[in-house]
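Visitor: For reference, the sequence and a predicted model appear below.
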2 protein chains.
Amino acid sequence: MEKDSLKTHILKKKVVKIFKKFGLNNNHALISANALINAELVGAYGHGLSRLKMYCERISKKVINPKPKIKIKKISQSISLVDANNSIGFVAADVAIKKAIQNATKTGIGMVAVKNSGHYGLSGYYAEQAVKKNLITMIYTSAPPAVAPHGALKSLFGTNPICFGTPTGSKIPFILDTSISMINRGKIRVAARNNQKIPEGVALDKFGKPTTDAKKALKGVQLPIASFRGSGLAWMVDILSGVLTGGNHAGRVKDPFDDFSGPQNIGHLFITFKTNLFVKNYNNRIKNNIRTIKRLPKIKGVKNIMYPGENKFKRFKINSKKDIKISEMIKKDLKILKN
Amino acid sequence: MEKDSLKTHILKKKVVKIFKKFGLNNNHALISANALINAELVGAYGHGLSRLKMYCERISKKVINPKPKIKIKKISQSISLVDANNSIGFVAADVAIKKAIQNATKTGIGMVAVKNSGHYGLSGYYAEQAVKKNLITMIYTSAPPAVAPHGALKSLFGTNPICFGTPTGSKIPFILDTSISMINRGKIRVAARNNQKIPEGVALDKFGKPTTDAKKALKGVQLPIASFRGSGLAWMVDILSGVLTGGNHAGRVKDPFDDFSGPQNIGHLFITFKTNLFVKNYNNRIKNNIRTIKRLPKIKGVKNIMYPGENKFKRFKINSKKDIKISEMIKKDLKILKN
């Protein structure tokens, strides 16, 4: 009998054990478990344990390689290419952000492209690693078709997040991690599994009609933010993470939940650079920036102007002190996967 | 008596002459005139001749330096810092994009920050220069307060464009150049000067109420795209172009039309890199990408799915064959400025 909630370290052990059972080595299992549990702790449930079963299924069906030979090719002192050999996305991204950090530390700027990777969870999770090393970072990844290009009746772009992180001179990093769709696809997926509705104006069904039915939305089209502007940003991300890197692009990234006909071959792009390239007092400057903005007059009902990442950090702090709740669905998954 | 329309080369000569009269050297006058006329030709009138008088006034009032000593500091083979010495923005940006192109050509990636600059017109104009050299480019610049941070009742962020350009394997470059506000500030300014209305939902007046009155909108707040997401993107641009570079940030960039109390000290950031860093066949890949997207089923009434920059390129082609129309307002400006 599974419990309704578990201490973080106990849950982590369970997840590590499951990943190892499916063939990941201890290190890769730990990297993957950490990423999933971090998503739970920051409240990004669509990127958390709700995906564990999918990852294991993809390993079983040989579309994720549990024993990848990951190659890092040096393009220059600053630039590297990671061929992830269809590893689980978490491991590919972990290798890549560490290399990007190394390159930036050495030369001021690091740029690392990844190909033959898979879904890696939250970009912000990797951005945090760079920010902890006092670097600024920009991260792009593509994703399976979910958003229709402006003017098109069919999804092609992924939710294609744009991620930007910077040190703030305080312990709470500035991490913008925003998808280009009106709503996160993971959230629609969780809503569909839990038979919940989604907000109006974020998705169309497969006939092009507005819908609040999560299941219909998954078969239809998510709307981009800001019409042609959001469509353009999604296209930019498709180019940076797909066309440039050697990854799949133009709608060819397979849906990890529905399509087991082959690996995803997702591409990612990690750019990192030092904060003190052009100014000596970056930390003071950004502290001043944030302070100035926080002191602006606020609209009715707003107590604090928050910078991106602040809320997530607070949720992480609070949730880290508590047990992690295990939904009925996750309980079932854990039970199946461990046997 | 000024004419209602002028041939491009005749208009350019007039503008060059005016800039030289105000103290710019021939080269700087030509760079500036080219940028203004390009804006007219691509139909971005808010960045075109409607700004000429403002630039000249700023030179007269000594808040643009007509004889700048622009310094380029080498940070590394890839990275440079331009101190523009309060030059007109066009000249600063021209120096910077050329340096960024040089650095990328040498090392694969170029990053150039600019400080002590001013409004430089359209980011896309500089992106085109990099794309013509077969480079991908990302350009960020801040601007005077126009958009309220999410939760705030006061404008602080500029319209802070995000610009991305890439070669396409065809003669029409992919140039995304999108401001983070619902509407371009230049367009509101032109509407205000011509007593035209602006669309609903793009701006609030100074009391926080929705308005379609362009003059009231200029005194109020422009709304960011996509609520907190757009606010986060605007904040990112403020950090990249202001905090990082040594430029003004957090709402300290002066409005070039209204505030002559000192130079703007705008910062810009130019990132450029080679298309073939990670793949050998980039041009084929992006051609395939664009072709695939253009072939998607279209929504009713849409004939072509256009990529960012395509429309602008077509307008440029058409307008280049015609005389440039001179509005009554511009006529008046030209008459005053040449005497």
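Guide: Received it, and whenever you're ready, just let me know what you need. Numbers count the residues shown, from 1 in each chain, chains lettered A, B, ... in the order given.

Visitor: residues contacting the residue most central in space within chain A?
Guide: Residue closest to the mean C-alpha point of chain A, counted by C-alpha atoms, centre = their mean, is A:Leu122 at 2.1 Å. If you count contacts by C-beta atoms under 8 Å, 6 or more residues apart in numbering or on different chains, A:Leu122 has them with A:Ala35, A:Asn38, A:Ala39, A:Val42, A:Ala44, A:His47, A:Asp177. C-beta coordinates here come from the backbone N, C-alpha and C atoms, glycine included.

Visitor: same question, A:Pro308
Guide: A:Phe164, A:Phe174, A:Ile175, A:Leu176, A:Asp177, A:Thr178, B:Phe228, B:Gly232, B:Trp235.

Visitor: Regarding it, what is its secondary structure?
Guide: Secondary structure assignment for A:Pro308 (DSSP: H, G, I helix; E, B strand; the rest coil): coil.

Visitor: Would you quantify the distance from it to B:Gly230?
Guide: Plainly put, A:Pro308 is 11 Å away from B:Gly230 if you go by C-beta to C-beta, to the nearest Å.

Visitor: now A:Ala203
Guide: From A:Ala203 to B:Gly230 the distance is 19 Å (C-beta to C-beta).

Visitor: any idea which element A:Lys106 lies in?
Guide: For A:Lys106, the enclosing helix or strand under DSSP states H and E is helix A:89-107.

Visitor: What are the buried residues along that helix?
Guide: A:89-101, A:103-104, A:107 (16 or more other C-beta atoms under 10 Å in any protein chain shown).

Visitor: And stretch A:291-308, by the same measure?
Guide: Judged by neighbour count (16+ other C-beta under 10 Å), stretch A:291-308 contains these buried residues: A:Ile293, A:Lys294, A:Leu296, A:Lys298, A:Ile305, A:Met306, A:Tyr307, A:Pro308.

Visitor: which residues in the stretch 51-200 of chain A form strands?
Guide: A:71-74, A:79-83, A:109-117, A:135-141, A:162-166, A:174-178 (DSSP state E, counting those that start in this stretch).

Visitor: As a markdown table, the ones you listed with distance to chain B would be great.
Guide: Below are the strands of the stretch 51-200 of chain A laid out as a markdown table (distance: least, C-beta to the nearest C-beta, whole Å):
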| stretch | distance to chain B |
| --- | --- |
| strand A:71-74 | 9 |
| strand A:79-83 | 5 |
| strand A:109-117 | 4 |
| strand A:135-141 | 7 |
| strand A:162-166 | 5 |
| strand A:174-178 | 4 |
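
Visitor: want to throw these into CSV with distance to B:Val131, mean neighbour count and mean pLDDT?
Guide: What follows is the strands of the stretch 51-200 of chain A, written out as CSV (distance: least, C-beta to C-beta, whole Å; neighbours: other C-beta atoms under 10 Å in any protein chain shown; pLDDT from 0 to 100):
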stretch, distance to B:Val131, mean neighbour count, mean pLDDT
strand A:71-74, 26, 12, 98
strand A:79-83, 20, 24, 98
strand A:109-117, 18, 28, 98
strand A:135-141, 18, 27, 98
strand A:162-166, 21, 26, 98
strand A:174-178, 26, 25, 97
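
Visitor: any chance of these in JSON lines, plus distance to B:Gly242?
Guide: Output for the strands of the stretch 51-200 of chain A, formatted as JSON lines (distance: least, C-beta to C-beta, whole Å):
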{"stretch": "strand A:71-74", "distance to B:Gly242": "33"}
{"stretch": "strand A:79-83", "distance to B:Gly242": "27"}
{"stretch": "strand A:109-117", "distance to B:Gly242": "19"}
{"stretch": "strand A:135-141", "distance to B:Gly242": "13"}
{"stretch": "strand A:162-166", "distance to B:Gly242": "12"}
{"stretch": "strand A:174-178", "distance to B:Gly242": "14"}
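
Visitor: To A:Gly246, which of those lies closest?
Guide: strand A:109-117 (3.9 Å; C-beta to C-beta).

Visitor: got the angle between the closest one and helix B:89-107?
Guide: Angle of strand A:109-117 versus helix B:89-107, following axes from the mean of the first three to the mean of the last three C-alpha atoms, to 10 degrees, is 60 degrees.

Visitor: What is strand A:109-117 packed up against?
Guide: Judged by 3 or more C-beta pairs under 8 Å, 6 or more residues apart in numbering or on different chains; DSSP states H and E, strand A:109-117 is in contact with strand A:79-83, helix A:89-107, strand A:266-274, strand B:109-117.

Visitor: can I assume A:Gln114 is in contact with A:Ala96?
Guide: No, residue A:114 isn't Gln; it's Val. Yes - between A:Val114 and A:Ala96 a contact is recorded at 4.8 Å, counting by C-beta atoms under 8 Å.

Visitor: list the residues that contact both of those two?
Guide: With C-beta under 8 Å, 6+ apart, A:Val114 and A:Ala96 have common neighbours A:Val82, A:His268, A:Phe270.

Visitor: Is the last one in contact with A:Val112, as I believe?
Guide: Yes - taking contact to mean C-beta under 8 Å, the distance of 4.6 Å between A:Phe270 and A:Val112 places them in contact.

Visitor: Find residues that contact each of the two.
Guide: Common neighbours of A:Phe270 and A:Val112 (C-beta under 8 Å, 6+ apart) are A:Ala96, A:Ile97, A:Ala100.

Visitor: Poorly predicted segments of chain A, please.
Guide: Along chain A, the model assigns pLDDT under 70 to residues A:1-2.

Visitor: if we go to 80?
Guide: A:1-2, A:184-186, A:201, A:206-209, A:300 (pLDDT under 80).

Visitor: which residue sits closest to A:Thr168 in space, ignoring its chain neighbours?
Guide: A:Phe174 (5.1 Å; C-beta to C-beta, 6 or more residues apart in numbering or on different chains).

Visitor: Just list the residues touching that neighbour, thanks.
Guide: Taking C-beta under 8 Å, 6+ apart, we find A:Phe174 in contact with A:131, A:164-168, A:286, A:290, A:307-309, B:235, B:239.

Visitor: at 6 Å what do you get?
Guide: The contact partners of A:Phe174, taken as C-beta atoms under 6 Å, 6 or more residues apart in numbering or on different chains, are A:Thr166, A:Thr168, A:Tyr307, A:Gly309.

Visitor: Go ahead and confirm A:Lys216 touches A:Asp205.
Guide: Yes - look at A:Lys216 against A:Asp205 with C-beta atoms under 6 Å: they come within range, at 4.3 Å.

Visitor: Which parts of the stretch 101-250 of chain A are helices?
Guide: A:123-132, A:185-193, A:214-219, A:228-238 (DSSP state H, counting those that start in this stretch).

Visitor: I'd like these as CSV, with distance to A:Leu52 appended.
Guide: Formatted as CSV, the helices of the stretch 101-250 of chain A follow (distance: least, C-beta to C-beta, whole Å):
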stretch, distance to A:Leu52
helix A:123-132, 16
helix A:185-193, 13
helix A:214-219, 19
helix A:228-238, 26
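
Visitor: circling back to that earlier point, from the buried residues of helix A:89-107, pick the one nearest chain B.
Guide: Distances from chain B to the buried residues of helix A:89-107, taken as C-beta to the nearest C-beta, are shortest for A:Thr107 (6.1 Å).

Visitor: Go ahead and confirm that closest one touches A:Ser78.
Guide: Yes - under the criterion of C-beta under 6 Å, A:Thr107 makes contact with A:Ser78 at 4.6 Å.
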